[in-house]
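Chemist: sequence-free structure coming up:
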């Protein structure tokens, strides 16, 4: 798909989303800029660039300075913060946005951060504003933040995708732009790593000495090399968690024994790091060789670089240097194995990356095999989705086992404009695309673990796969049969409908409210909910929708009452939150709900 076509598609997606929300009575007007922000942030979460983002609109003046915020994201450990600010032009043709405009938007968002960190903003805000909790959270937790990023989101095209980092109250803040061109690249390829291009002449002063071995022409080559510690630190500072393979990213911990050992070596024996450390494993899409200063072979350039093993080592080097500035990373060397992929099949490539990650991490207590897109559970679920059609006999659900496979399918099977339009509007529209992380969230919510479902994509997915592994070890297959698949999709339909109803009702934390509603419905009515009827309808009845809106108000009140001033998105991740919400007596249905079977 060309860039202009993608722009038109994105604009249409925003319009469709607005039209859908407008059909719900009592809904406040869904402003296009915020709908656009939500769509882009959701995609960034899907590809691992951010963690459970929240739409949060704030636009005001403090003195003579403008402040603007469109959304935010806080990591589970409260050590990473992303802020988003949008420039949405709703243009039908590609529009160039001057760097001065995107820089101005970034500055407006920076002011929100700076004033919040100084404790000068929250006290001036209306406590009912959904940005108030965030300002308080930043004020109280700024000292504990290790990584802060500000993203400018726009449907225009910009030249500079990054600005010079800024220092705010002793913290480095990275400024980036997600414009329509960069978004198109992500959406087309399905992988954020495609734009990670590392030139070692620039970052290391020359190619990295290596032993390079050509492997199978259709699979991969590989090389053995050594990374200078300051190069790894620089790359993590520039790319952050995007440098790490998605499954590995979930398990970084600054307090683990492994990381404490790394910190100790860096501080006391940096020159021995190469002897003590097992090293890292990297995959890349392309490599270019050059000549080192010693006239030997070296890796001069990598495209699509991603660390699949050694995420803890990389992050620990970065954060240890940040905490102990006296450490000399010039003495640190990290052994590395580099695998250069050659396959053109996205699904085969992801499967290979998963296998590399699985075997590279097999010595760790974290069971990477449980997270593999190539596991039998996901493979069989993909097969079921490809052969089981909806009751109309035309449409079906699409299970996106491998990142980007939905886009690949549309491009492969939609060989003409008519076929493409039919695929995307009738057979498998985006609303019936189901990712692995979404499935994990929906099913954990139904299974009474809203605290886990609220963790965010990757961490919740890890817990979900732990459950799959436990069942398999007990000899119980987690793979559904045909009826089980249909009932699984019915749970997905219910969750999606709950979320679409809740979204316009509250200014913030709609995702958490939706998760807790589904868990409460399951807790109170699981044995009575007619999942077969939901599958047949591919929706829920108007009576059920009306009751869901009533429950939404009650659950939202319960979440806020039990939070005691804490940010809802963080409180919802605690088991104590679920214990508190379960004590609330939800209203009994005031009318017959077709999907809830009567008590016999």
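Modeler: Received the coordinates, thanks. These numbers were taken from a predicted model, which means no experiment stands behind them.
Chemist: My guess is residue 297 contacts residue 212. True?
Modeler: Yes - here residue 297 reaches residue 212: they are 5.8 Å apart, a contact under C-beta atoms under 8 Å. For every residue, glycine as well, the C-beta is placed using N, CA and C.
Chemist: Now the common contact residues for the two.
Modeler: Common neighbours of residue 297 and residue 212, using C-beta atoms under 8 Å, 6 or more residues apart in numbering, are residue 289.
Chemist: ok, residue 525 to residue 511 distance?
Modeler: To residue 511, residue 525 is 22 Å away according to C-beta to C-beta, to the nearest Å.
Chemist: Tell me which of these two has more neighbours.
Modeler: Per other C-beta atoms under 10 Å, whichever of residue 525 and residue 511 has more neighbours is residue 511, with 23 against 16.
Chemist: okay, now residue 135: neighbour count?
Modeler: Neighbour tally, residue 135, other C-beta under 10 Å: 24.
Chemist: can you tell me the helix or strand for it?
Modeler: helix 132-141 (DSSP states H and E).
Chemist: And the contacts of that helix?
Modeler: With contacts defined as C-beta under 8 Å, 6+ apart, helix 132-141 is touched by 56, 69, 72, 74, 78, 81, 112-113, 115-119, 121-122, 125-126, 508, 565, 567-568, 570.
Chemist: Just the strands from the stretch 301-450 of the chain, written as ranges.
Modeler: Taking DSSP state E, counting those that start in this stretch as the criterion, the stretch 301-450 of the chain contains strands spanning 306-309, 333-341, 398-400, 433-435.
Chemist: Can you classify the residue lying closest to residue 456 once chain neighbours are set aside as helix, strand or coil?
Modeler: Of all residues not flanking residue 456 in the chain, residue 52 sits nearest, at 3.8 Å (C-beta to C-beta, 6 or more residues apart in numbering). Of the three states, residue 52 takes coil according to DSSP: H, G, I helix; E, B strand; the rest coil.
Chemist: So what's the residue count around residue 52?
Modeler: Neighbour count for residue 52, taken as other C-beta under 10 Å: 24.
Chemist: What distance do you get for it to residue 575?
Modeler: Residue 52 is 17 Å from residue 575, where distance means C-beta to C-beta.
Chemist: just residue 49 next, same as before
Modeler: Counting by C-beta to C-beta - residue 49 and residue 575 are separated by 28 Å.
Chemist: who's more crowded, these two?
Modeler: Taking neighbours as other C-beta under 10 Å, residue 49 and residue 575 compare with residue 49 leading, 22 against 11.
Chemist: hang on, the more buried one is in a strand, isn't it?
Modeler: No - counting by three-state DSSP, residue 49 is not found in a strand; it is coil.
Chemist: List the contacts of the nearest residue to residue 90 once chain neighbours are set aside.
Modeler: Distances taken as C-beta to C-beta, 6+ apart place residue 32 nearest to residue 90, at 5.6 Å, with adjacent residues excluded. Residues in contact with residue 32 (C-beta under 8 Å, 6+ apart) are 14, 15, 18, 88, 90.
Chemist: quick one: the third one from residue 68, how far?
Modeler: Using C-beta to C-beta, we find residue 18 at a distance of 21 Å from residue 68.
Chemist: Neighbour count for the two, which is higher?
Modeler: For residue 18 versus residue 68, neighbours defined as other C-beta under 10 Å are more numerous around residue 68 (19 against 16).
Chemist: With residue 115 as the reference, measure out to that one.
Modeler: 12 Å.
Chemist: Helices of the stretch 451-600 of the chain, start to end?
Modeler: Along the stretch 451-600 of the chain, counting by DSSP state H, counting those that start in this stretch, helices occupy 457-473, 482-502, 510-525, 531-537, 542-563, 568-571, 575-582.
Chemist: Much appreciated, bye for now.
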